[in-house]
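Q: What would the 3D arrangement of this be:
(chains A and B)
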Amino acid sequence: MNDATLKTDIAAAHASHGVEAVAVEAVNAAHRRSMFKAREKIHPKRVSGKFRLIKWIVMALTLTVYYGTPWIRWDRGPGAPDQAVLVDFTRERFYFFFIELWPQEIYYITGLLVLAAVALFLFTAVAGRVWCGYACPQTVWTDLFLVVERAVEGNRNERIKLDRAPMSFGKFRKRAVKHVIWLLIALATGGAWVFYWHDAPTLAKQLLDFSAPVSAYVFVGILTAFTYLFGGHAREQVCTYMCPWPRIQAAMMDEETALVTYRRDRGEPRGPHKKGDPWQGRGDCVDCRQCVAACPMGIDIRDGLQLECIQCALCIDACDDIMTKVGRARGLIGYDTDLNIARRQKGEPSQFKFVRARTVAYAVILAVVGSVMLYALATRTDLDLNVIRDRNPTYVALSDGNIRNAYTVKLLNKARLGRSIVVSAEGLPGAVLSGVGLIETEDGRVRVPVDGDNLRSVRVFVTLPRKAMTAESLPLTFRAAPALEGGDVAEVESVFLGPKLLEPKP
Amino acid sequence: MSAGKREIDAATGTEIRSHAWDGIRELDTPLPRWWLWTFLATVVWAVAYWVVMPSWPLVSSYTKGTLGWSQRANVTAEMQGVAESRKPLQERLLAAQLPDIESDQELFEFAQASGRALFKDNCAPCHGSGAQGSLGYPNLNDDDWLWGGALSAIETTITHGVRNEDENSRFSEMPAFVKVGTLTRAQVAELVEYVLALSGQEHNAATAANGAALYTEHCASCHMENGKGDVTQGAPNLTDAIWLHGSSRVALTTTIANARNASMPAWGPRLSKADVRALAVYVHSLGGGEPEPPPATAAGQ
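A: Numbers count the residues shown, from 1 in each chain, chains lettered A, B, ... in the order given. Okay, here's the model as predicted:
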């Protein structure tokens, strides 16, 4: 029997089940890896099934959130932007629905990043690279670009044929249409990005009549270029060669992590199966290579877990389809662990241990950081105070012998409306506050009008009678309170310095 | 190894170079294409740069480049832009009534900010970066003023200075009593005790009583009978806790015997009117600023 007849036999076996035989090589499989080889283009075959559906939903959700968020309006009253999510560099504010953050509160962003990182750890510990497979922009946009490619050039086989065909008008037209649509998507992606930094409707108009700031065009350009490059051309190479996460994730997973796994205990020995032949003494894998054809990363899941695998689960859908056709149970490829394979080979039942030290630790960290952030947000005050003591000179002796210290007081009025803030010094009896251009009250405090949603920096003098200087350094507390009753109060501790006290003469 | 025979490495398909070092051989791997193109692009860039940008030094000048780009011109233009942007506020500052400046938040903050920078550039060498002064150089943070602490007085002092060539300079001169022979050392000692008594410091009461008559004769015309001084003559208040040249017996003796008469340059010829006013506002806001005297009194003096 020669090669040709063998191939015909295999094809006939597949055909008997209504399965398409695909001659596909896992171009990025470990045994084919070489440092001296150009990239081989991957033409993932379209699949349908449970995981594809989940991916469509995630894609629709993430893209809607990304493109739509800047257009959500949120009324904050006059004088403030009405965009729900806005990073406003000119006003130095970050708006997120009912939350408004000042640059001083960047730690909320830090907390958010910590939350995102720990959540990523937790998901990875439970089910591997779910982020990579479902939600990563690289995956979502590559998927979107593939939809376009498929719509214009056809499914896998047509695309391969088109690649091999000499350049013709038809090929050129298809290619041109594809790239134009890709560029339009890329442009929309870059365009949506800049809307997070300026009022979206205004900027959209400006972008169209070419009156937008240069930086807007630059960022649209950069993001357009990279979306087109990454989604259309670089694709799986971004994940394999550029992204650091595949290297880090190995530390987040352990032998209990459920991963997209070829259940080799059930599948082997593999081989073509002719309809009507017995299944005894062989595995369920009919070696149709549909899982390889569906893989966007160009690997063969049957080789086991490998660095390139982004756990997108499309091979599960591809295989389930085949299993249904050949009349075997679905799930030859599924979320499973190597540990379970070993258990089943020993005749034990499989089990999943999602609650274990690692996942509990990640969940606890997640809960703690989340609670701290919630607490901070709930107790956030609308008045803040910073005090910087003058260090040059440290103190001033007045003509009547009294001592005066100067402080730069920064009042942060986070309320929407302007109001008068009364600044006082507590814990230093006899201290009198004064300030140039400020309203001085009779009881030794100062009143400072501060605009709404604004910061005002004023110099405040504290004068203390000489006889009250009982030490070289005295503690005092600055207190800022709204002139009208009610509202948050801010306090800051500082010191009051005077001359060195001379030792009493003997 | 014979020359001309090419040896190919099996794993990479790349030629192996003919030499060997202790058995170590080298592949003749070509430069990566992207590297080569980047390198060539930088060469093209360099040549273009020579043409369009100023680049080659000549004997007494340099090649200007076709774009005519000049960092010096850019800086000048930028400085002009800054000056232009400050103009409206500077004009407002000059037009404003002095007592109104500090209640106009925008104007006050502008004057303080420019005044602070000007102070560090021009005044800090003598008065200190925090205007804290030192022995012989007045502290501008306190409430004791030789020539007056109202905005207008400070502005005049900065414009014309003290004891200098400027014809409107603040001027007064305390005699060096011993040097010119008016007083003897013993009389100075009595005066010193009297001055110590004036400011409530530790002193010899008997000697101080002897100094009273000397004070009335020689000092009271400027420092006033009660010792409170006179800002119109720059005569310091001798009853307070602030002493420009020190309040010890030695320091006071030196002051009376030799006189001090420190000077300050006139800044009017060096700084613009708006800058002087900004400086005055800054100094006035340091903590010791006095309110503007009523116009009638000012005219009377």
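Q: Point out the residues in chain B that sit beside chain A.
A: Within chain B, the positions near chain A by C-beta under 8 Å from any C-beta of the partner chain are B:12-13, B:102-103, B:105, B:108, B:128-132, B:139, B:141-144, B:237, B:240-242, B:284-289. In this view, the C-beta of every residue, glycine as well, is placed from N, C-alpha and C.
Q: and with 7 Å instead?
A: Within chain B, the positions adjacent to chain A are B:12, B:102-103, B:105, B:108, B:129-130, B:132, B:139, B:141-144, B:237, B:240-242, B:285, B:287, B:289 by C-beta under 7 Å from any C-beta of the partner chain.
Q: Generate a ChimeraX selection restricted to the buried subset of those.
A: The ChimeraX command for the buried members of the residues of chain B next to chain A (criterion: 16 or more other C-beta atoms under 10 Å in any protein chain shown) is given here:
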select /B:102,108,130,132,139,141,142,143,144,237,240,241,242,285,287,289
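Q: Show me the shaky parts of the chain.
A: Unless you meant another one, I'm taking chain A. For chain A, residues meeting the criterion pLDDT under 70 lie at A:1-4, A:34-36, A:502-506.
Q: not what I meant, chain B
A: If you take pLDDT under 70 as the line, chain B has these spans: B:1-4, B:295-301.
Q: give me that answer again for 50
A: Judged by pLDDT under 50, chain B has its weakly predicted residues at B:1-2, B:298-301.
Q: just the strands in it please.
A: Taking DSSP state E to define them, one finds strands in chain B at B:7-8, B:15-21, B:24-27.
Q: May I see the buried residues of stretch B:281-298?
A: B:281-289.
Q: Quick check: of these, which lies closest to B:V75?
A: B:Y282 (26.3 Å; C-beta to C-beta).
Q: distance of the closest one from chain A?
A: B:Y282 sits 10 Å away from chain A, taking C-beta to the nearest C-beta, to the nearest Å as the criterion.
Q: Could you list which residues are in contact with that residue?
A: With contacts defined as C-beta atoms under 7 Å, 6 or more residues apart in numbering or on different chains, B:Y282 is in contact with B:111-112, B:115-116, B:119.
Q: most surrounded residue in these?
A: Neighbour counts for the contacts of B:Y282, by other C-beta atoms under 10 Å in any protein chain shown, peak at B:A111, which reaches 27 neighbours.
Q: which ones are touching A:I185?
A: A:I185 neighbours (C-beta under 7 Å, 6+ apart): A:L144.
Q: Hmm, I typed the wrong one, I wanted A:P429.
A: A:P429 touches A:A468, counting by C-beta under 7 Å, 6+ apart.
Q: Chain A against chain B: which residues are in contact?
A: A:36, A:390, A:392-393, A:396-401, A:404, A:406, A:436-437, A:461.
Q: make it 8 Å
A: Looking at chain B, the residues of chain A close enough under C-beta under 8 Å from any C-beta are A:36, A:390-393, A:396-401, A:404, A:406, A:436-437, A:459, A:461.
Q: Out of those residues, name the ones that lie in strands.
A: Per DSSP E, those map to strands at A:396-397, A:404, A:406, A:459, A:461.
Q: and which of these is nearest to A:T224?
A: The closest of these, once distances to A:T224 are taken by C-beta to C-beta, is A:R459, at 49.3 Å.
Q: if we can go back for a sec, sort out which one of the contacts of B:Y282 lies nearest chain A for me.
A: B:Q112 (8.3 Å; C-beta to the nearest C-beta).
Q: thought that closest one was touching B:L279?
A: No. In this structure, B:Q112 is not within contact of B:L279 by C-beta atoms under 8 Å, at 10.3 Å.
Q: Would you pull up the residue in the stretch 201-301 of chain B closest to chain A?
A: B:D240 (3.6 Å).
Q: And the residue nearest the centre of the chain?
A: Unless you meant another one, I'm taking chain A. A:A116 (6.6 Å; C-alpha atoms, centre = their mean).
Q: look at chain B instead
A: B:K120 (2.5 Å).
Q: residue contacts, that one?
A: Listed by C-beta atoms under 8 Å, 6 or more residues apart in numbering or on different chains, the contact set of B:K120 reads B:S129.
Q: coming back round to it: so which of the strands of chain B gets nearest A:V489?
A: In terms of C-beta to C-beta, the element of the strands of chain B nearest to A:V489 is strand B:24-27, at 73.8 Å.
Q: Now do the closest one: everything it contacts.
A: By C-beta under 8 Å, 6+ apart, strand B:24-27 touches B:9, B:12, B:14-17, B:19.
Q: quick one: the strands in the stretch 151-300 of chain A?
A: Along the stretch 151-300 of chain A, counting by DSSP state E, counting those that start in this stretch, strands occupy A:259-262.
Q: just to revisit the earlier point, could you export the strands of chain B to CSV, including columns for mean neighbour count?
A: Listed next are the strands of chain B as CSV, based on neighbours: other C-beta atoms under 10 Å in any protein chain shown:
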stretch, mean neighbour count
strand B:7-8, 10
strand B:15-21, 12
strand B:24-27, 11
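Q: right, and those strands - which one's nearest A:V148?
A: Using C-beta to C-beta, these put strand B:24-27 closest to A:V148, at 42.2 Å.
Q: just the buried members of the residues of chain A next to chain B?
A: The neighbour-count test (16+ other C-beta under 10 Å) marks A:390, A:393, A:396-398, A:404, A:406, A:436-437, A:459, A:461 as buried among those.
Q: returning to that earlier point: tell me which two in the contacts of B:Y282 are the farthest apart.
A: B:A111 and B:F119 (11.6 Å).
Q: Can you tell me how far the nearest residue to B:S263 once chain neighbours are set aside is from A:L223?
A: Excluding its sequence neighbours, the residue lying closest to B:S263 (C-beta to C-beta, 6 or more residues apart in numbering or on different chains) is B:R163, at 3.9 Å. Distance of B:R163 to A:L223, given as C-beta to C-beta, to the nearest Å: 67 Å.
Q: Ok, A:I160 next?
A: From A:I160 across to A:L223, the span is 31 Å (C-beta to C-beta).
Q: These two: which has the busier surroundings?
A: Counted by other C-beta under 10 Å, A:I160 and A:L223 do not tie: A:L223 has more neighbours, with 18 against 15.
Q: How about the contacts made by that one?
A: The contact partners of A:L223, by C-beta under 8 Å, 6+ apart, come to A:186, A:189-190, A:193.
Q: Going along the chain, name the strands of the stretch 1-150 of chain A.
A: With DSSP E, counting those that start in this stretch as the criterion, the stretch 1-150 of chain A has strands at A:85-88, A:93-96, A:99-101.
Q: which one of the ones you listed lies closest to B:V59?
A: When the strands of the stretch 1-150 of chain A are compared by C-beta to C-beta, strand A:85-88 sits nearest B:V59, at 54.0 Å.
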